[in-house]
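Give the three-dimensional model of this entry:
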Amino acid sequence: MPLPTATPAARLPSPLRDEASVLQDRLAALADALDWAGVQALARPWVQAVRDEPAPFWAMESLLREYPISSAEGLALMRLAEALLRVPDATTAIALTADQLGRADFDTATGGDGPHKMLASLSASAIALSKKFLPEGEHPPGLLQRLGAQTVVAATVRAIQLLGRQFVLGQSIAEALDEARGQRKAQPQLRFSFDMLGEGARTGHDAQRYLRSYRDAIAAIAATAVAGAGPEANDGISIKLSALFPRYEDSQRARVFAELLPRVLGLIDDAAAADINLTVDAEESDRLELSLELIDAAAAHIAALHPRWRGFGLAIQAYQTRAEECVHEVARIAHSHGLRFMVRLVKGAYWDGEIKRAQELGLAAYPVFTHKHHTDISYLACAKALLDHADVIYPQFATHNAGTIAAIVQLARVRRAPFELQRLHGMGEGVYREIGRSELLPLRIYAPVGEHRDLLAYLVRRLLENGANSSFVHQLADPQVDVDALLASPLQAAPEPGQPSPLLLYGSARRNALGVDLSIAAERAPLLAAVAATRVPEVAETPVSEIDATMRRLHAGQAAWNDTPLAERAAVLLRAADRLEAELPAWCGLLVKEAHKTLGDCVAELREAVDFCRYYALQARDTLGPRELPGPTGESNTLYLHGRGVFVCISPWNFPLAIFAGQVVAALVAGNSVAAKPAEQTPAVARRFVELLHAAGVPPDALALLHGPGETVGAALVAHSLTAGVCFTGSTQVAKLIQRALAAKDGAIVPLIAETGGLNAMVVDSSALPEQVVDAVVQSAFRSAGQRCSALRLLCVHSAIADGVIAMIGGALQELAVGDPAEYATDVGPVIDAEAHAGNTRHLERLDRDATLLARRAVPDGPAGAQHIAPSAYEIARIADLRQEVFGPVLHIVRWGPGTAARGGAADVEALIGQINALGYGLTLGVQTRIDSRAQRIAHAARVGNVYVNRNMIGAVVGVQPFGGEGLSGTGPKAGGPLYLYRFCAEQVVTVNTAAAGGNAALLAGAH
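Reported below is the predicted structural model:
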């Protein structure tokens, strides 16, 4: 087959292609390639034999039948398996077990008519009985109940450990090799690929630990390898690139090649010397191009030093829409270096994450197929492509689907191409048992190795992947699914609609704002070009002497704008949204240069502004029109909403486009005219948006920009007699000044909508996954240089896990790229100006005296480091020591839990939330726990506007997470929520006595 000759920069198509057209390409590649009747004939005996001789009770197929993950019981057991083994303290372990088991009804889970009815019934009864020893809620149990609960938890831990043994070959490489040796006695043809379990590295220390683990494993495997047998016959190892480098992402390309590549090459040298195979596991789609470039570089190294070694391999995920093109590209790389690769074809294990990422980023399409049978078609097309490239690729097919295996056998027989099959340890044993009885096919087991508590997230992902109702593994265990239906050809099935486009996330009424995938060079390039070309224009300050005339002009223009039909006002906002989207690169250039934002933050902010325009336009059309109210016969009662007059909108510099736009368009669509006063630091962004609104149809007399200091221009606008309302986002101190100024004015009572700052906390208990916590903390505390009102300021971590979490945060902090926000690689840019820099510096000096420095990321030397604040983490003794918000990349950490009360800490979560509430702020709160009832109880007790559970606590989405707080954090209503527009409106009810003129004709017409 001819090999593609595309250059590395353009070797793959965009992942953002129409799924239907890609699917047609895959079907075309398979035209006349398969005789599916023959496939069914080959696979049918395998399936029937598995059903006739079911797997043991603890096997995956049996567990999925007895406790499907779609049931409350299956979900409870899965979540316990995910979390319980890592909980170090008994109190939390009891609470977690009670919480999860309490959500399911095991009394009715009797196993039905399955082959293990008695065992299933006994296990369900045992669980149901165990629940009686567990406390309800988190009230401290009595002594007897506590002893009973501890017994239940110990038994549950043991059961999960036994479950872990079904899916983990060994807790060490030595143990795994012993187990592999035992299995090979019964099945001599078995080979193994050992996967040293673990999540991706978050710190340099983690990466070095994984590197040592891989090296030790290669040495141990090498000691058992058969000399001269070659990589295909010997065992091997699978490595995860994100475990070897904590910043394995496209934005850190230079570091990837400088730091990660040498580690990979060292492992390659070790594996080649032993003549065993080494496979690079697949990662998320946004790393695909980067992975291929690393593969190309590794191939050049192998060609130079190990040209006869045939053990280098990689995995390709069939659910990616570019999977077949990836096969051809890998073949091209191998051919260009005179090598042969081993290629493992898998379905893919990050599907839900890929879908969510595309939706959150507002991508034009998904990078993965969105329906299972589309992925099945892609898998077959990729299998054919791999077999067609048998001269440079040794195909390895990882699947538990009997129909797919039979199809591969058929394709390979036609081509007379060698290949091997692979299965995951603990899954698909029945199918492969039957295949082995009829076909002499090489079989390799992908074998996880590691401590059971480290496998948890991995195990749950595999359970979800293989336990979905549509999966072959699930349906194989269901006798209600006919064998022929189970083996039906995916090629003949009609294309499915799959997931709605990411742009239709909110339905057809409001289009999701179009985003950019910065990991794609072609999408990133226009933004970088715009940044390089942008010069920030000067914006003249508004003389205070001109404010009165401007306010009178706006007051005079408000009536005509208010009389403009509501549909037309909404249409202006929709036109503005479309234009914003079309001009995204130029806006990003301005935001980088004037507001010092990183590219990712620029795209997110523009999309938020677009969302505000569309959301408020639709909210206005749906809610601000006349509303008929009930009343007595012979009378009509109609509620009308109209603008209040001139609204003064005062916005901050940290979101100079999104917040400015949100305030202004909300006031406008409600029928007000607007005096828009942007932050002193970012007037150019504001002026450009005002010009855009004027071009979209807002009359000049309905919107004016007034730029200048808050002490003069802002104060004069607030105090003006024609000000009918004030919308303010900024500091609590300034909000109070505005509040007092409005209260002191003569005349009408003027409403204030204020969104101010927060001492935002995150509560972490000992059931939380540390890696997930660290990801959320780093994003929430340091993204945007900590200059978000929602940013994490106070991390409250349970004392039982505090040391490990703090160490991981410190390591992750050192991996941040601090520098010029115009550079794609930068994570943390400078603070906004010299005044902000000075304020942060003073706060750091106080912390250096009164707190304990845990970690600090150095800033660049010289001019490049000007106005940068070093991202820092400090431990403080008490929550009460944090008295005011500091707007910068500074994280304060406090411990809570048993033993902390003596020094002012909180012994339990109730006391902790009480101390957080006592700070008086109420904007955002993060919660990291696997105890669902605890998360709900915290949310109920916390006096905050937004609670985020098991995720970061920034980036509220319009219409999804309406944003705003209470107490010292603002007045409400929430921006981007269904109640926001009403505060900009005045209300009028018109009552008409219709019976006064001739009586109620409608009533009389129906009289008897």
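
hmm, who's touching the helix or strand hosting Pro448?
Pro448 belongs to strand 443-449 when assigned by DSSP states H and E. With contacts defined as CB atoms under 8 Å, 6 or more residues apart in numbering, strand 443-449 is touched by 167-173, 175-176, 180, 183, 187, 189-197, 217, 238, 396, 398, 420-425, 432, 436, 455, 458. Quick note: C-beta positions are derived from backbone N, CA and C, even for glycine.

For it, what is the distance to the chain centroid?
Its chain's C-alpha centre and that of strand 443-449 lie 29 Å apart, by CA atoms, centre = their mean, to the nearest Å.

taking the mean pLDDT, what do you get for that strand?
Mean per-residue pLDDT for strand 443-449: 95.

Please apply the same query to stretch 648-661.
pLDDT averaged over stretch 648-661 gives 98.

Ends of that stretch, what's the gap?
13 Å (CA to CA, to the nearest Å).

hang on, the earlier thing: so which of the contacts of strand 443-449 are in helices?
Phe167, Ile173, Glu175, Ala176, Ala180, Gln183, Ala217, Tyr432, Gly436, Tyr458 (DSSP state H).

Please spell out the ChimeraX selection for the buried subset of the residues you listed.
The following ChimeraX line selects those of these that are buried, judged by 16 or more other CB atoms under 10 Å:
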select :167,173,176,180,183,217,432,436,458
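
Could you export the ones in helices among the contacts of strand 443-449 to a markdown table, including columns for pLDDT and distance to Ala318?
Formatted as a markdown table, the ones in helices among the contacts of strand 443-449 follow (pLDDT from 0 to 100; distance: CB to CB, whole Å):
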| residue | pLDDT | distance to Ala318 |
| --- | --- | --- |
| Phe167 | 82 | 22 |
| Ile173 | 96 | 29 |
| Glu175 | 96 | 32 |
| Ala176 | 96 | 27 |
| Ala180 | 96 | 27 |
| Gln183 | 93 | 27 |
| Ala217 | 97 | 27 |
| Tyr432 | 92 | 19 |
| Gly436 | 89 | 24 |
| Tyr458 | 66 | 20 |
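
low pLDDT regions in this protein?
1-10, 55-70, 105-147, 456-470, 474, 864-865, 998-1008 (pLDDT under 70).

Give me the residue at the spatial middle of it.
Arg357 (5.9 Å; CA atoms, centre = their mean).

That residue and Leu624: what is the separation?
Note on Arg357: its distance to Leu624, by CB to CB, to the nearest Å, is 35 Å.

wait, Glu541 sits on Gly714?
No - between Glu541 and Gly714 there is no contact under CB atoms under 8 Å: 11.8 Å.

in which helix or strand would I find the residue nearest to the centre of the chain?
Here Arg357 is assigned to helix 351-361, by DSSP H and E.

Distance from the helix or strand following that helix to the middle of the chain?
Counting by DSSP H and E, the element after helix 351-361 in chain order, helix or strand, is helix 372-388. Helix 372-388 sits 28 Å away from the centroid of its parent chain (CA atoms, centre = their mean).

Compute the inter-axis angle for helix 372-388 and helix 351-361.
110 degrees (axes from the mean of the first three to the mean of the last three CA atoms, to 10 degrees).

Give me the helices and strands touching helix 372-388, please.
Under the contact definition 3 or more CB pairs under 8 Å, 6 or more residues apart in numbering; DSSP states H and E, helix 372-388 sits against helix 19-29, helix 323-336, strand 341-346, strand 393-398, helix 402-415.

Now do the fourth one against helix 372-388, angle only.
Put simply, strand 393-398 runs at 150 degrees to helix 372-388, going by the same axes, to 10 degrees.

Direction included, what does strand 393-398 pair against?
strand 341-346 (parallel), strand 420-424 (parallel) (DSSP bridges).
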